[in-house]
Structure formats: structure tokens, C-alpha cells
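Student: this one's structure only:
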């Protein structure tokens, strides 16, 4: 059996006129034998640890995996474990980051994850985790081996799931609902779904003191029936959410005013194929709503979304016909088909090109405990599939033989190219043809600027193939902006960089929520620190390390170092490194030559 790794240096030597892939340290760069495709080459089962301080060896109910600092992080109810999969036949647990207050007796009421993501907008990498049914915790994962809790927020909960039997006006209310189950980052906002209840818009201008800006309540819509909200995705000024199990709908909303969503279109009811939905995802102007089947909708006109096709599972459902999440890579749909296994479809033809089939617990061959293969993420030519119910396990499945060398391509932008009269509070969102590495995001790899002007500074957020950019200050009224994704900047999970430049334009009108603009102005970041000191032209990046070489500063010149929120840092020399200090933030060099920033990515 060929298990020889094919390392990037060798593969790059054979590429002509292409940007060489830089495979992350925690992922494999190898060719898989044909007979291993769509097989479980390794499994990482959930194990109970008798040690009273560690309830589970690495976590309970594993959900969507993501790439963090080159390694694979998995969201669980009690922890965020990080894995090194560079040898996929022998996966290694790098760190178990416990994210519950009591890892032994934490409540099983902590909900699952139907979607999450991360932001690099606060001088590091930050994620969010539900704590019981009524609160969210914000975590700093800049150092994935030493996660730190930053803050918490209590969410509105006028009634308690499992206890009150549901609120008035919800005859179809399911007692298992409640709890923040899905989150969409678009820093400085987080859109969080309270399962079956509504959508919370969290104001995170100050990540140390987040607040609830608004609760959009979906519990009482008599003209539509009960809307069991459970999924949310955000791309630019577009928000889409859909049902979780107990209702049939997809709702599209305009969030150009980030605190006041406005409905653009609604599809639902028994005359649609949307039965028993579980998850949903936006990619390439399509919304993929997954239930017992995956239903594809064209959202290129968000005021009139239209049905495209249904992807049906291979074989009959052998246990229960629910299903989990989807992932898009290079015009293929990857689907967590629950008890029927993981499956890959060609988006052009709609045909299945590979399926694993079901998986049972090898330790209990006589017990029909099927793995609930719900939640999938593609990492190059390897798929990580998580089972968060029944036989709980993380499985590694090769889906193609050769390493992924396809560069990521922008296949959706919002505001759309040529859009007019956009709100000054607009943000810019993208989807790519592959999942995007957060480390490649910055104002050199994604540029939003007034036509002929300098790149705007702002915050980046990412969830698999979805990337959002929020300017640190509101856009100028009646101004045209250009959006540029240069070649060689943004990289996917396999380390491939964009090969061709992408450009788009849009123009603002005169409208915008002034209170939102005031919040941005009141929470200065790097841009604010520079602007307040008269520096208008500068190299910008939402997260970088700034270097100051003390001995090279001329007489009469001093350096001040500010963090990414515009706060002055104390200058000091590290032992053994007197010539250079490294900080997350920006350096302003002041003296007779005037203020000028010195920064390096």
C-alpha cells in the first residue's frame, strides 16, 4: 500500500507558471492509492476518560472541523480539540482546549454546532462557543495550544426550553429547541441563531464587552407557521437562514444596515422540497439546504431565489433520514449523509462521484450503532467527517488521489459587481471555490478602496469558503469603490494561492445607519490610531507583526507601538533580541521627518 508522502517541494518542481502550494504543517501533502478513495483510513473515536478533570479524552459531539494556524480544530460541546493530520494514518491530538466552565458536569443542554467560524479582526484569532442555553463565550485562539476566554454575554431568554414547554403562539414548538446553535461572524458583529427561537445580532465592537444589539424573534409567525430557525450564513450585505428539522423554509435578508435585517425573499411550506432541513451553506450564488436530500437554490437575485435541483443520497436510509452539513470545493458538493455515509457530487451534472457508505462502531460489531456522518470539511484531497451522535467519531476519508493543486477562485461577491446606491454601512463578502486559510487574509490579499485611493483597513472573518470584510469606518457617501483580490494572496486549506486577479466595483448612496457609524468611530482600531495622529497614508493589515529596530533609528526619532485597537503598548526589549521587538499592531515612528508607520506582515 502506497503511503509515501509527496511533499510540497517535490510537487512544486513539476508546476509550470503556477503559484506553489504551501501545505499547512498539520495537513498531509500526499497521493492516496485509488483503492483507498472513499474509505475510512483512520478513525478518532470519542473516548470517556475516567480522570474526573477530563470528562472526554478530546471532546463530546464533534462538529464542523476548520483550519486554525495550519492545524485542524473541531468544535465540541465541551472543548475545541486541535489535531495534527500531517500523517492521516496516525492523527495526533495537539491540544484539548476546554471551553466549558465545568468539564466534568457540564450540561448536555449545551447545543450542537450547525455553523461557526472565526475572525482575525481583534489582533488575533477569535471564536465563539455556547455556554448552556442562555449565553455565549468569546475565545482567543491566537495560540491554539493555549486558548483564553475573553468575555461572555447573556442572551435574551423569556422562556426556558425543556422546562416551560415553549412560548405561547408556537403550537408546533419542539421541546428540544433553544440554545445558540449556529453563528456567523462578520466582525464587529456576530449573527447567532437561538435554535427554534430567533436570531441574535451581537454587537462586538468591543470584544471584551459584547452586547445584544437586537433579537429577531421567529417564534410567532402565524401566517407562515412555526419557523424553527437553526442555520445562519452571512456574505457581505446578505444573510440567509433556514430551518432546523421541524419546519420548511429559507429566508433571505438584506443586512446592509447590520443591526436591522430586512426580508428580501422567503421560500417555505409543504409545496417545497424543504423537508426536515438540518444545515445550509452559501457558495457561488447558490444556497445548499440539506436534509434527507440537498436542495440547491439560485440566490443570484436575492429577491427571487429559485430552485435548481435536488441531490439524493445513494442507497436507502438505513437508520434515520436526517443529514448534516455540506462543503464546496472546485465545483463538487461534499455532503455528510448521516447514517448513509459521506458522499461527493459533481455540481455540473448533479451525479454522485463517490460515497463511503455507513460506518458502525468496530468495538461493538453486534450493536447497530451507526456513526452519524453529519458534518464534513474538505482539506485538500482529504475530507474530515464528524459523527456527533450515536457512534461519535472523527473519520478521515480521501476523496481524490492526487493532492489538490487547484487555486481558489472568487465565485461570489456582495455587493455585486456594478451595484449602485449601497448603504454607507455596507460590508463586502466573498465566497471562494475552496475553503480559505485565515492566515492569508489581509488588506494586501483582499483590497477594498475608493477608486484611485488607498486600501481601507478593517476586520476579516471566515467560515470555510465564506470571507467577510468590514471596514473600520463607514464608507463615504456617494463614492465608488473597487474590490480587488490579487493573484498570489488568498490561500486555500491546501496552501494554493489565487492565480488570477479578481476585480469588482460598487457605489454608495447617501444612506446609512448613523448610530452604527458612531459605534465604529467610538471604537478606534489601527486605522483610528493612525488617523488620530495625522497619518493618512499607510500600509494596512488587520493582523500583522510590526518590527522596530532600535539601533537603526536616527537621533531625534522615536517609535510608538499601538495594538490593533489603537492602544499604546509599552516598548521593551526581549532578552536575547535587543535589536528587534515584535508586536501585533502598528508602529508609528515620530520625529523631524514627520509621522510615518513602519509595519511588516
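Tutor: Good, I have the coordinates. Everything quoted here is computed from the prediction, not taken from an experiment.

Student: pretty sure residue 469 contacts residue 415?
Tutor: No. The criterion here is C-beta atoms under 8 Å, and residue 469 misses it with residue 415 at 11.6 Å. All C-beta spots, glycine's among them, are computed from the backbone N, C-alpha and C.

Student: what is in contact with the two at once?
Tutor: residue 428 (C-beta atoms under 8 Å, 6 or more residues apart in numbering).

Student: below-threshold pLDDT in the chain: ranges please.
Tutor: Residue ranges of the chain with pLDDT under 70: 1-20, 52-53, 102-111, 133, 158-178, 219-222, 225-226, 315-323, 367-368, 523-601.

Student: tell me which residue is most central in it.
Tutor: Nearest to the mean C-alpha position of the chain, by C-alpha atoms, centre = their mean, lies residue 463 at 1.6 Å.

Student: how about the contacts made by it?
Tutor: 66, 115-118, 184-185, 233.

Student: tell me the one of the residues you listed nearest residue 99?
Tutor: residue 116 (11.8 Å; C-beta to C-beta).

Student: ok, the closest one to residue 325 distance?
Tutor: Separation of residue 116 from residue 325 (C-beta to C-beta, to the nearest Å) stands at 11 Å.

Student: with neighbour numbers in mind, choose between these two.
Tutor: residue 325 (26 against 23; other C-beta atoms under 10 Å).

Student: any idea how far that one is from residue 336?
Tutor: Using C-beta to C-beta, residue 325 is found at 5 Å from residue 336.

Student: common neighbours of the two, please.
Tutor: 290, 374-376.

Student: buried residues in stretch 498-507?
Tutor: By 16 or more other C-beta atoms under 10 Å, the buried positions in stretch 498-507 come out as 498, 502, 504, 506-507.

Student: among these, which lie within strands?
Tutor: Those of the buried residues of stretch 498-507 mapping onto strands are 502, 504, 506-507, per DSSP state E.

Student: ramachandran angles for residue 438?
Tutor: Main-chain dihedrals, residue 438, degrees, to the nearest 10: phi -60, psi -30.

Student: got a list of what the residue nearest to it when sequence neighbours are not counted touches?
Tutor: Spatially, and ignoring its direct neighbours in sequence, residue 438 is nearest to residue 462 (5.0 Å; C-beta to C-beta, 6 or more residues apart in numbering). Contacts for residue 462 were tallied using C-beta under 8 Å, 6+ apart; they are 117-120, 185, 436, 438, 441, 468.

Student: give the buried subset of the residues you listed as a PyMOL selection command.
Tutor: The PyMOL selection below is limited to those of those classed as buried (16+ other C-beta under 10 Å):
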select buried, resi 117+118+119+120+185+436+438+441+468
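
Student: by contact count, what packs against the one helix or strand residue 378 maps to?
Tutor: Residue 378 is located in strand 371-379, with elements delineated by DSSP states H and E. Packing contacts for strand 371-379, counted by 3 or more C-beta pairs under 8 Å, 6 or more residues apart in numbering; DSSP states H and E, involve strand 65-68, strand 326-329, strand 332-336, strand 382-390, strand 393-398.

Student: go again with 6 Å.
Tutor: Helices and strands touching strand 371-379, by 3 or more C-beta pairs under 6 Å, 6 or more residues apart in numbering; DSSP states H and E, are strand 326-329, strand 332-336, strand 382-390.

Student: I'd like to know which of these lies nearest to residue 124.
Tutor: Short answer: strand 382-390, nearest of those by C-beta to C-beta, at 24.0 Å.

Student: and residue 129, how many neighbours?
Tutor: 26.

Student: that one: helix or strand, and which one exactly?
Tutor: strand 126-131.

Student: next secondary structure after that strand?
Tutor: Moving toward the C-terminus from strand 126-131, the next helix or strand (DSSP H and E) is strand 135-140.

Student: surely residue 251 and residue 266 touch.
Tutor: Yes. Under the criterion of C-beta atoms under 6 Å, residue 251 makes contact with residue 266 at 5.1 Å.

Student: more neighbours: these two, which one.
Tutor: residue 251 (24 against 15).

Student: which element is the more buried one on?
Tutor: strand 249-254.

Student: let's have the contacts of residue 462 in JSON lines, adding distance to residue 363 and secondary structure.
Tutor: Shown next, in JSON lines, are the contacts of residue 462 (distance: C-beta to C-beta, whole Å; DSSP: H, G, I helix; E, B strand; the rest coil):
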{"residue": "117", "distance to residue 363": "34", "secondary structure": "coil"}
{"residue": "118", "distance to residue 363": "34", "secondary structure": "strand"}
{"residue": "119", "distance to residue 363": "39", "secondary structure": "strand"}
{"residue": "120", "distance to residue 363": "40", "secondary structure": "coil"}
{"residue": "185", "distance to residue 363": "38", "secondary structure": "strand"}
{"residue": "436", "distance to residue 363": "37", "secondary structure": "strand"}
{"residue": "438", "distance to residue 363": "36", "secondary structure": "helix"}
{"residue": "441", "distance to residue 363": "42", "secondary structure": "coil"}
{"residue": "468", "distance to residue 363": "42", "secondary structure": "strand"}
